[in-house]
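> Fold the following for me, if possible:
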Amino acid sequence: MQQDGNEKDASRQSNSEKKSLRERQRRSEMNEAFAHLANTVYEVQPTLNSTAPNQTDNIGSNDNPNHGSTHNELEDKIANRVDLILYTVEVVKQLQKQKDAFKNELSKRREMVGMLGKTDDNQQNTSKTFDN
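Sure thing, here's the model as predicted:
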């Protein structure tokens, strides 16, 4: 009878240890994932406003909220995981705006190139008319 009690206690302890080990592993993986996210955001964030088309005047200005941000300044802004997630959302939105700005700029430039091509065609047709 005493032996059955000891086996149950050992089994409970073993299950408890397994559960504890799984929890430590889960926490470790979460910490690694958030550290990776923080590093990625830090790598992407400083380049955001410096690459937007037609915004070169804002580079280095005080109007740029991310200008001059250092890793330590970002750490001050990001006190916990919720802050990191919220900040990441802001960065992704900035990236989306830049992508849209690039697409608009590209469309404008393609239109300009298309117009130049038509102008060249018209000039060639006009010169042919005068040559005849």
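
> Remind me what the helix or strand containing residue 24 packs against, helices and strands.
Secondary structure assigned from DSSP states H and E places residue 24 in helix 2-44. Using 3 or more C-beta pairs under 8 Å, 6 or more residues apart in numbering; DSSP states H and E as the contact test, the elements touching helix 2-44 are helix 71-77, helix 81-131. All C-beta spots, glycine's among them, are computed from the backbone N, C-alpha and C.

> Report the mean confidence score over the longest one.
Helix 81-131 shows an average pLDDT of 82 in the prediction.

> Give me the angle between it and helix 2-44.
Here helix 81-131 points in a direction 40 degrees away from that of helix 2-44 (axes from the mean of the first three to the mean of the last three C-alpha atoms, to 10 degrees).

> Against which helices or strands is helix 81-131 packed?
Using 3+ C-beta pairs under 8 Å, 6+ apart, helix 81-131 is in contact with helix 2-44, helix 71-77.

> pLDDT of the first one, averaged?
This predicted structure assigns helix 2-44 an average pLDDT of 87.

> and stretch 14-31, C-alpha only, in CSV?
Below are the C-alpha coordinates for stretch 14-31, written out as CSV (Å, rounded to 0.1, in the frame of the first residue of the first chain):
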residue,chain,number,x,y,z
SER,A,14,7.3,13.5,-13.0
ASN,A,15,4.2,15.0,-14.6
SER,A,16,4.8,18.2,-12.8
GLU,A,17,8.4,18.3,-13.9
LYS,A,18,7.4,17.6,-17.5
LYS,A,19,4.9,20.4,-17.4
SER,A,20,7.4,22.7,-15.9
LEU,A,21,10.0,21.8,-18.6
ARG,A,22,7.4,22.4,-21.4
GLU,A,23,6.5,25.8,-19.9
ARG,A,24,10.2,26.8,-19.7
GLN,A,25,10.7,25.7,-23.3
ARG,A,26,7.6,27.7,-24.4
ARG,A,27,8.8,30.8,-22.6
SER,A,28,12.3,30.4,-24.1
GLU,A,29,10.8,30.1,-27.6
MET,A,30,8.6,33.2,-27.0
ASN,A,31,11.5,35.2,-25.7
